[in-house]
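Participant: Got a predicted structure plus its sequence, pasted below:
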Amino acid sequence: MSQAAQDTPPLPAVSDRHIDPHSYPEGIAFLDGQYLPMSQAKVSVLDWGFLHSDATYDTVHVWNGRFFRLDLHVDRFFLGLQKLRMTIPFDRDGVAEVLHNCVALSGHRAAYVEMLCTRGASPTFSRDPRQAINRFMAFAVPFGSVANAEQLRRGLRVAISDKVRIPPASIDPAIKNYHWLDLVGGLYDAYDRGAETALILDFNGNVAEGPAFNVFCVKDDRLSTPAIGVLPGITRRTVFDLCAEAGLAATTADVSVSALRGADEVFITSTAGGIMPVTGVDGADIADGKVGPITSRLMALYWQKHDDPAWSSQVNYP
């Protein structure tokens, strides 16, 4: 790793200026047309989102008081609504306004923000999903990362589980959903092996994704990320955009387990943390076991873009 990369903090500091001293430390939710402290946001046990994981959602983050790529997240949310035949009483601008309000009312300048819609419940307890009243809600809570500060500095230790991701023929991976039992099973496999998080396989035995993140590997200065059976993440897309600007080659392709283990660099991507290095897989170091130069370069570029008005939008705090 270059000295410049070593001097670049993986996660830049957040300014706390202008934070409302009366902000809600646990965050703010929007539910049934009103803004509430998170502790007061409740969902019925009869809601199909709770009973059947019948819901879609999207998450976006705020850093230094600015939403990052909010338009892409809202577009993906509405795509999920359309595919699941759900309707909400807001258009895209209305949803963006609700999200902005949640963050502004919370006072948080670094926030994890979610918009979601559940199938809801039927007033007559019908099992016909067409009879359910869809329910939109949103919330903003303090920002949290898949990787903590130490892991961002030295890289995550990952284990590859033999759990298989739900195939796209069953559930379209482009629809963000709460069907996580395959991912949770993979996490327990990883913990049992002394790792910090997990990757699971696709239906062909190649590497797919992990709990709320995509994965990239670098070999001979070329980047690749799994092509099928995975969520097309916004941070994943951002890596492709950054690579185009930086003159780096990146592609989607099948990524075998052996290819991942033999990579020069590995990193994962998520709204919850951005670009995060991986330096160990299944108990063995990736290359020399240090965060690689391409990973470090992309991490720095990623956080620089958070101040760019073309990539981010300001929250108007009270």
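Facilitator: In hand now; what should we look at? Residues are numbered from 1 along each chain as shown.

Participant: Go ahead and confirm Arg119 touches Asp54.
Facilitator: Yes - with contact defined as C-beta atoms under 8 Å, Arg119 reaches Asp54; the gap is 4.0 Å. All C-beta spots, glycine's among them, are computed from the backbone N, C-alpha and C.

Participant: Residues in contact with both of the two, list them for me.
Facilitator: Listed as contacting both Arg119 and Asp54 by C-beta atoms under 8 Å, 6 or more residues apart in numbering are 48, 84, 129.

Participant: Give me the contacts around stretch 178-187.
Facilitator: 49, 53, 55, 57, 161, 163-166, 171, 197-200, 210-212.

Participant: Can I get whichever strand or helix holds Met137 in CSV, CA atoms only?
Facilitator: Using DSSP states H and E, Met137 maps to strand 133-142. C-alpha atoms of strand 133-142 as CSV (Å, rounded to 0.1, in the frame of the first residue of the first chain):
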residue,chain,number,x,y,z
ILE,A,133,-53.9,-2.4,2.3
ASN,A,134,-50.3,-1.6,1.5
ARG,A,135,-48.4,0.4,4.1
PHE,A,136,-45.6,2.9,3.5
MET,A,137,-43.1,4.0,6.2
ALA,A,138,-39.7,5.5,6.5
PHE,A,139,-37.1,6.2,9.1
ALA,A,140,-33.7,7.8,9.8
VAL,A,141,-31.4,6.4,12.4
PRO,A,142,-27.7,7.0,13.2
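
Participant: Tell me, please, where in the stretch 1-150 of the chain the pLDDT is lower than the cut-off.
Facilitator: 1-24 (pLDDT under 70).

Participant: what about 80?
Facilitator: By pLDDT under 80, the low-scoring segments of the stretch 1-150 of the chain are 1-25.

Participant: follow-up on the earlier one: go through the contacts of stretch 178-187 and flag which are in strands.
Facilitator: 55, 57, 161, 163-164, 197-200 (DSSP state E).

Participant: Look up the closest residue to Thr124, ignoring the ones flanking it.
Facilitator: Gln131 (6.7 Å; C-beta to C-beta, 6 or more residues apart in numbering).

Participant: I'd like to know how far the one you found sits from Val43.
Facilitator: 18 Å (C-beta to C-beta, to the nearest Å).
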